[in-house]
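**Student:** structure for the following, please:
(one chain, ligands or ions: 2)
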Amino acid sequence: MKKRVFSGIKPSGDIHLGNYLGAIRNWVTAQEEHDSIYCIVDLHSITVAQDPKELKRNIRELTAIYFAAGIDEKKSTVFVQSHVSAHSELAWILNCFIPMGWMERMTQFKDKAQKNKKRVSVGLFDYPALMAADILLYDTDYVPVGEDQKQHVELTRDTAELMNSRFGKDLFKVPTPVIPKTGARIMGLDDPLKKMAKSDDKPNRSVYLLDSPDTIRKKIMRATTDSLTEIRFDKERHGVNNLLTIYQLCSGKTAKEIEAHFAGKQYSDLKRELAEVVVEELRPVQQKAKDLLNHPDHLESLLKTGAEKAEEIAQATLKRVQERIGLG
Ligand code: AMP
Ligand code: TRP
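**Tutor:** Ligands and ions are numbered 1, 2, ... in the order given. Presented below is the predicted three-dimensional model:
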């Protein structure tokens, strides 16, 4: 039996290099070995304000990026979360078991609530319960995510164990987070102490996957470094370390090879070469994504097939849970 992988990204803004290097690229590798399910988690997006038209467009764009990056519909199941109602249904059930105190500890909620004091929805607080439902519905073994999601996957594990201890240990499979050794936290170009993110109003923070080559070059050339000169991997030198990490992931070279290559060179050389490897890494993805976006009917049909496959697995789990806890 193959192991099952599940992961997702929110369609709530432009997909960036952090999403790609920290998540999507690893999903493409995972599908070769595992039974993989990749979701466009639109219900998670609406935990913060969204423009309806933009949300719709972002869902199609993210779908195109998944396939363009190499996720293969023959090897993986790709679907939109809201197309499979079991996600909302299981989330409600989990809500009734997850202790408030567990949720109150979630650092992502605390950060986001801090930034958005005026409009913090109940959904934003409850976000991890829906994420736990996503994962547990598919009897998931592995959850490949960036560092920032580790706490949510741990809450999912705790939830599974809590319910298993009450309703039988075969109720839920207990999932394991898989965090990449390199690239789990790509930092902002303008401020390497903040992570690269979708929803930032800082125009030079993130390289977006569909940015033009010139925009990518401009953003990288402006990246914040430091006042030293030596180009080497050093976690304390956040800016340069981040640029080297991105270079390593896009070039496929080892840290040693990269340090030897840049010995005696200047930051401007590093930035120039980095911009080119990023542009080349993204070029085929951008081309394919554009082709796919020009064929919306094809995208729709891929999503329909994906939702049908997901629905079958999700419904079976939901039924099992409903029965065990005595519903209906
Ligand atoms: P999100 O953009 O929050 O929907 O995240 C989607 C996926 O990308 C998750 O697995 C995140 O952990 C990952 N991710 C988001 N931002 C970064 C980043 N700056 N570096 C690495 N991975 C990231
Ligand atoms: N919360 C995740 C993020 O912001 C997205 C997500 C939702 C997810 N459901 C998931 C990731 C299930 C992995 C598994 O990145």
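
**Student:** now do the helices in the stretch 51-200 of the chain.
**Tutor:** In the stretch 51-200 of the chain, the helices defined using DSSP state H, counting those that start in this stretch lie at 52-68, 86-95, 100-104, 107-115, 122-136, 150-167.

**Student:** sketch out the low-pLDDT regions of this protein for me.
**Tutor:** 199-200 (pLDDT under 70).

**Student:** what parts of it come near ligand 2?
**Tutor:** Counting by CB under 6 Å from any ligand atom, the chain comes close to ligand 2 at 6-10, 41, 44, 131, 134-135, 143, 145, 149, 152. (Glycine included, C-beta is placed from N, CA and C.)

**Student:** ligand 1 next: which of these are close?
**Tutor:** Among the residues of the chain next to ligand 2, ligand 1 is touched by 9, 10, 145, 149 when using CB under 6 Å from any ligand atom.

**Student:** so what's the second one up against?
**Tutor:** This means residue 10. For residue 10, the contacting residues are 41, 42, 44, 45, 198, taking CB atoms under 8 Å, 6 or more residues apart in numbering as the criterion.

**Student:** show me what contacts the residue lying farthest from the centre of the chain?
**Tutor:** For the chain, the C-alpha lying farthest from the average C-alpha position belongs to residue 264; by CA atoms, centre = their mean, that distance is 36.4 Å. The neighbours of residue 264, taking CB under 8 Å, 6+ apart as the test, come to nothing; the list is empty.

**Student:** how is the chain divided into domains?
**Tutor:** Structural domains annotated on the chain: 4-178+296-325, 213-290, as defined by automatic domain parsing.

**Student:** kindly check the end-to-end length of the last one for me.
**Tutor:** Domain 213-290 has an end-to-end distance of 15 Å (criterion: CA to CA, to the nearest Å).

**Student:** does any bit of that domain sit next to ligand 1?
**Tutor:** No. For domain 213-290, no contact with ligand 1 is found by CB under 6 Å from any ligand atom; the gap never falls below 9.6 Å.

**Student:** how far away from the center of its chain is the longest helix seen in the chain?
**Tutor:** With secondary structure taken from DSSP state H, the chain has its longest helix at helix 296-325. When C-alpha coordinates are averaged (CA atoms, centre = their mean, to the nearest Å), helix 296-325 and its chain have centres 20 Å apart.

**Student:** what residues does the stretch 101-250 of the chain have near ligand 1?
**Tutor:** With CB under 6 Å from any ligand atom as the criterion, the stretch 101-250 of the chain comes near ligand 1 at residues 145, 146, 148, 149, 184, 185, 186, 195, 196, 198.

**Student:** make it 8 Å
**Tutor:** 144-149, 183-188, 195-198 (CB under 8 Å from any ligand atom).

**Student:** filter those down to the buried ones.
**Tutor:** By neighbour count, with 16 or more other CB atoms under 10 Å, these hold 144-146, 148-149, 183-188, 195-198 as buried.

**Student:** now the two most distant members of those.
**Tutor:** Greatest spatial distance among these (CB to CB): 144 and 188, at 22.3 Å.

**Student:** sorry, back to before: most widely separated two among the contacts of residue 10?
**Tutor:** 42 and 198, at 13.9 Å, using CB to CB across the contacts of residue 10.

**Student:** turn the ones next to ligand 1 among the residues of the chain next to ligand 2 into JSON lines, columns for distance to residue 106.
**Tutor:** Below are those laid out as JSON lines (distance: CB to CB, whole Å):
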{"residue": "9", "distance to residue 106": "19"}
{"residue": "10", "distance to residue 106": "16"}
{"residue": "145", "distance to residue 106": "14"}
{"residue": "149", "distance to residue 106": "11"}
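
**Student:** just these: which are in strands?
**Tutor:** residue 9 (DSSP state E).

**Student:** what's the residue nearest to residue 287 when sequence neighbours are not counted in contact with, if anything?
**Tutor:** Using CB to CB, 6 or more residues apart in numbering and skipping residues adjacent in sequence, the residue nearest residue 287 is residue 68, 7.8 Å away. By CB under 8 Å, 6+ apart, the contact set of residue 68 is 284, 285, 286, 287, 288, 289, 291, 292.

**Student:** done for today, thanks.
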